Structures are given as C-alpha cells and as structure tokens.
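K.L.:
I'd like to go over a predicted model; first the sequence, then the structure.
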Amino acid sequence: MEQSSGNKINTAVFISGRGSNLKSLIKYNNKKNSKILIKLIISNNSSAKGLIYAKKSKIKTYVTNFKNKNLSEKNLLKKLINNKINLICLAGFMKILTADFIKKFKKPILNIHPSLLPKYKGLNTHKRVIKNKEKFSGPTVHIVSSKLDSGKIILQKKVKILKYDNEKSLEKKVLKAEHKLYPKAIEKLLISL
Ligand code: GAR
C-alpha cells in the first residue's frame, strides 16, 4: 500500500461526540514510532466535544452533518482524496457509512466497538451485557463493512466483569481498554497489508 508521509499512513479519524478514543489516537500519532499521521478529523456533529482535541493538536477538521447522507459522503470522499488519506479510523462515529462509500474509498476503514463482537452489536452495549450477567466483555476493533458493527475482527481485549460492576463502571473499564487496543489494532492491520 502507498504510504504517503515517510513511512506513516495518512489517516482520518471520524467522531461524533466525546472523543476519548480520538484523544488516545492523537497521543499515539504524536509518538515518534507511531505508524499513523492523522491529517484530518471528521465529525458529523459541530458541537462534538472531541473537536476540542483536534483544535489543540492543530489537526484539520471537517464537519458534515449527514442530513443528506449521499451529499455528505460525496463531499467527504473528495476531502479524503485531496488529503491523500489511506486509512479511516471510526472512533465513536455514530453514523453508518454506505456500501457505496466503503467501496469507493477502497482503503481500509476501522471501527472500535465496546463489546466482544459478534456479541452485542448496536447501542446500549454495556446495559445489555450487565443485564445478561455476562462474565466478560471488552472492546473489538474490526474492519468496517456495510453491516452494522460487522466485518473482519482485527483485535479484541477481554475485560472481566466483577459482581459489583454496573453499566457505568463497565463502560469505564472497557473505555480504558479501548484506548490501548486501538493503536495496537492499527499496527496489526498495517503489518498485514
Ligand atoms: C466508545 O465506547 C466506542 O467504542 C463506541 O462509542 C464510544 C465513543 O467514545 N462506539 C460504538 O458504539 C460504535 N458502534 P469516545 O467518543 O469517547 O471515543
């Protein structure tokens, strides 16, 4: 795969809200030995808290609201091509990209989800996991396909659920694991390309 800036892969991170995974990816990006160069941060929401991290790090941002999905995706593709983006990392991006977008982008798109996929796709993951009295949960990084939270699994991290865990404490534990897992999964993916 063509990797444009030195040996780092030009990357765009897509967010919708809080942006804690974006923050951890920026931290990884800033390491000398990181494999990515985040060139663009995309949000479907102009008031996403995560955009603060983008501003602080002086990475370019682009907001498109997805009200007209086809138009948003068309404009996005142009941005991605203009910035020579070769990898997209979805990090709490709550819109579903169309099969057409995935096909036209042609390069890998990764997503992080807070459950041990294929279990607990979709929303309210931790609530459902606690309700079902699962013994383990944990994040998954996978390749994005046109089906929700599906596609080839790159890496998962098991997190033990203790008796006193609730939705909030589980979210906290899993999120901490997410922040470590995403950079590792990116490195694993890039080695395999
Ligand atoms: C994370 O827990 C991420 O795994 C989840 O949204 C949260 C975003 O947090 N993503 C999904 O549920 C995707 N299906 P963040 O904005 O602080 O990174």
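P.N.:
Noted; the coordinates are in hand.

K.L.:
Just checking the distance from the longest helix seen in the chain to the centre of its chain.
P.N.:
The residue-count maximum for a helix in the chain (DSSP state H) belongs to helix 167-192. Remark: helix 167-192 is offset 10 Å from the chain centroid, using Cα atoms, centre = their mean, to the nearest Å.

K.L.:
ditto for stretch 159-172
P.N.:
On the basis of Cα atoms, centre = their mean, stretch 159-172 sits 22 Å off its chain's mean C-alpha point.

K.L.:
quick one: the strands in the chain?
P.N.:
Remark: strands assigned in the chain by DSSP state E are 9-15, 36-43, 60-63, 87-90, 109-113, 136-137, 140-143, 153-156, 159-160.

K.L.:
Would you tell me which of those gets closest to residue 167?
P.N.:
Checking these against residue 167 by Cβ to Cβ gives strand 136-137 as the closest, at 10.9 Å. All C-beta spots, glycine's among them, are computed from the backbone N, C-alpha and C.

K.L.:
what does the closest one rub up against?
P.N.:
Strand 136-137 is touched from outside by 114-116, 120, 125-126, 129, 158-161, 170, 174, with contacts defined as Cβ atoms under 8 Å, 6 or more residues apart in numbering.

K.L.:
could you redo the last one with a cut-off of 6 Å?
P.N.:
115, 129, 158-159, 161 (Cβ atoms under 6 Å, 6 or more residues apart in numbering).

K.L.:
Same check on stretch 48-57?
P.N.:
15-19, 22-23, 26, 41, 43, 61.

K.L.:
how much space between whichever residue of the chain sits closest to the ligand and residue 121?
P.N.:
Nearest residue of the chain to the ligand (Cβ to the nearest ligand atom) works out as residue 92 at 2.6 Å. For residue 92, the distance to residue 121 (Cβ to Cβ, to the nearest Å) stands at 15 Å.

K.L.:
Compare neighbour counts for the two and give me the winner.
P.N.:
In this view residue 92 and residue 121 are compared by other Cβ atoms under 10 Å, and residue 92 has more residues nearby, 23 against 14.

K.L.:
which residues touch that one?
P.N.:
For residue 92, the contact set (Cβ under 6 Å, 6+ apart) comprises 15-17, 21.

K.L.:
ok, which of the residues you listed also contact the ligand?
P.N.:
Subset of these in contact with the ligand: 15, 17, 21, counting by Cβ under 6 Å from any ligand atom.

K.L.:
Count the neighbours of the second one for me.
P.N.:
Spelled out, it's residue 17. For residue 17, using other Cβ under 10 Å, the count is 18.

K.L.:
Begin at 498 from now on, thanks
P.N.:
Done: numbering now begins at 498, and the last item shifts to residue 514.
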